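1. Please work out how this folds:
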Amino acid sequence: MTQEATQSLITDEMRATIGQESEPWTLEVDKLSVRMFARSVGHTDPVYYDEAAAKAAGYRSLPCPPGYLGTPIFNPATSDSTFGGRRGAGPGPQPSRPLTRILNGGTEIEYFDDICAGDVLTATTHTASFEERTGSIGQMLITTSKTVYKNQNGKVVAIMTGTGIRY
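-> A predicted model of the protein is given here:
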């Protein structure tokens, strides 16, 4: 076994970032965005388009379709030009990571309450874990991050877990 194969990909500097929460950022949920997202992913349920149908179904307003968690408030002076959220919205400066190729390992969202048009969400993110694996493509570094979404009342309404794979 070579020394490279036994050396951990996870450094102490990386371990120190686990659990460090980012600065919060704000996302707005409005009727137009709910309708546009629902339409773009092919939802046809009237609750996403017609407020009367949404209220008849027990919602306060148009509910967010699965996968939509609001739109970050864009400010050209402070927002990321690509993704719209606050520049550097992660949990602060990140240590360099070995391996340069990156794959999206998936995203899961756990919902705890309805998110409807008119809600204003606050989100924070943190690195939850690092894991090393060796597969058919060689060494892999798997990073799990969690983003917590709270509504305007401070209630956690969703947690998104994302997995990134470096190889």
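
2. Following the chain past the longest strand belonging to the chain, name the next helix or strand.
-> Criterion DSSP state E: the longest strand present in the chain is strand 120-135. Heading C-terminal from strand 120-135, the first helix or strand you meet, by DSSP states H and E, is strand 138-150.

3. Specify the angle between that next one and strand 120-135 in degrees.
-> With axes from the mean of the first three to the mean of the last three CA atoms, to 10 degrees as the criterion, the two stretches strand 138-150 and strand 120-135 enclose an angle of 160 degrees.

4. Offset the numbering so it begins at 325, please.
-> All right, first residue 325 from here; so that's strand 462-474.

5. just to revisit the earlier point, buried sites along the longest strand of the chain?
-> Buried residues in strand 444-459, counting neighbours by 16 or more other CB atoms under 10 Å, are found at Leu445, Ala447, Thr448, Thr449, His450, Thr451, Phe454. Using the backbone N, CA and C atoms, a C-beta is placed for each residue, glycine as well.

6. The first one contacts Val472, doesn't it?
-> No. Using CB atoms under 8 Å, Leu445 makes no contact with Val472, being 9.9 Å away.

7. All the helices of this protein, residue numbers only.
-> The residue ranges that make up the helices of the chain, judged by DSSP state H, are 327-330, 336-339, 355-364, 375-380.

8. Out of those, which one sits most buried?
-> Highest mean neighbour count among the helices of the chain (mean count of other CB atoms under 10 Å): helix 355-364, with a mean of 16.

9. Using CSV, write out every CA atom in that one.
-> The C-alpha atoms that make up helix 355-364 are tabulated as CSV, following Å, rounded to 0.1, in the frame of the first residue of the first chain:
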residue,chain,number,x,y,z
LYS,A,355,-47.2,34.0,-6.0
LEU,A,356,-45.5,34.6,-9.3
SER,A,357,-42.4,32.5,-8.3
VAL,A,358,-44.6,29.7,-7.0
ARG,A,359,-46.6,29.6,-10.3
MET,A,360,-43.4,29.8,-12.4
PHE,A,361,-41.7,27.0,-10.6
ALA,A,362,-44.7,24.8,-10.6
ARG,A,363,-45.2,25.4,-14.3
SER,A,364,-41.5,24.8,-15.1
